[in-house]
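Engineer: Kindly return the folded structure for what I paste below:
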Amino acid sequence: MQPVLEVKNVTVRFGGVTAVDNASLTINRGDLIGFVGPNGAGKTTLMRVITGIVKPQEGEVLLEGRSLLGMSINQRIRAGLALAQQIVQPLRAMTLLENVALACGAAKTSNPLVAMRSFDRSAENQRAMELLTRVGLKDAAHSEPSKLPLGYLKRLEVARALALNPKLLLLDEPLAGLNQSEAQSLADLIKTLNADGLTILLIEHNLREVMRICPQVYVQELGRSLAFGPAKEIMARPDVIRAYLGGTVDA
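Structural biologist: Numbering: from 1, shown residues only. Next up, the predicted model:
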């Protein structure tokens, strides 16, 4: 089976600093992979290479065998990538339903002429309500983001990403800023989305939840690939403990 995503020997340098050093990662269909590592490991930089924000000096990224190099962020999204960002920035003058419906209409906005002729939003509204229900926000569908707590906005960000019908969902620290109960609940949702067939790469510092929901982890240190494989095995390795935890793992 062809991998969903292949990161091959990617290197990124900023001046004299190597942020990502010959990193490689393969994600297969149906995977839920936790992407972990200490601060300064280059996790965000590699994610930005995948999404097209950062151009690598070496290596390539392929989505279902198709090279993404040279493609814009917009083109990568339409090819099947979706990113739920750590800092949620919804359109605050719109309701949650309107925010998600706008993302649901992405196919219409790809062509200005099609967009100008598209007045009926009933299909997008229906799909948006389905997605809000799926992430547990049905009762808040007609609320404005500014009136809701961070936990709701994190789920809204996931719903907007799902609206793009991604082949691969990239999650950038979705649990950051949440209390333990909120983090566990959102992690459960991520696990459920994966169980439903969605392929997910999860960057996350909440190691407890990563270990609980992710069958596999990819560990990066100082920009280099350090380890990749079954979560409990990898996080018990002495080199991973030294690099990431500086101690022992409570599994």
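Engineer: Quick check: which ranges of this protein have low pLDDT?
Structural biologist: Counting by pLDDT under 70, the ranges of the chain that qualify are 108-120, 244-251.
Engineer: Does anything pack onto the lengthiest helix in it? Which helices or strands?
Structural biologist: Counting residues, the longest helix found in the chain (DSSP state H) is helix 180-195. On a contact count with 3 or more Cβ pairs under 8 Å, 6 or more residues apart in numbering; DSSP states H and E, helix 180-195 meets strand 32-36, helix 150-162, strand 200-203, helix 207-213. Just so you know, the C-beta spots here come from the backbone N, C-alpha and C atoms, and that holds for glycine as well.
Engineer: Buried residues of that helix, list them for me.
Structural biologist: By neighbour count with 16 or more other Cβ atoms under 10 Å, helix 180-195 contains the buried residues 182-184, 186-187, 189-191, 193-194.
Engineer: Could you dump those into a markdown table with distance to residue 124 added?
Structural biologist: Below are these laid out as a markdown table (distance: Cβ to Cβ, whole Å):
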| residue | distance to residue 124 |
| --- | --- |
| 182 | 28 |
| 183 | 30 |
| 184 | 32 |
| 186 | 25 |
| 187 | 29 |
| 189 | 22 |
| 190 | 24 |
| 191 | 27 |
| 193 | 20 |
| 194 | 25 |
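Engineer: and residue 217, that's in a strand?
Structural biologist: Yes. Applying DSSP: H, G, I helix; E, B strand; the rest coil, one finds residue 217 inside a strand.
Engineer: which residues does it form a beta bridge with?
Structural biologist: residue 34, residue 229 (DSSP bridges).
Engineer: That one and residue 207, how far apart?
Structural biologist: The gap separating residue 217 from residue 207 is 9 Å, by Cβ to Cβ, to the nearest Å.
Engineer: again with residue 107
Structural biologist: Counting by Cβ to Cβ, the gap from residue 107 to residue 207 is 38 Å.
Engineer: ditto for residue 241
Structural biologist: Distance of residue 241 to residue 207, given as Cβ to Cβ: 11 Å.
Engineer: Now do the shared contacts for those two.
Structural biologist: By Cβ atoms under 8 Å, 6 or more residues apart in numbering, residue 241 and residue 207 have these common neighbours: residue 235.
Engineer: neighbour-wise, which of the two wins?
Structural biologist: Set residue 241 next to residue 207 and count neighbours by other Cβ atoms under 10 Å: residue 207 wins out with 17 against 14.
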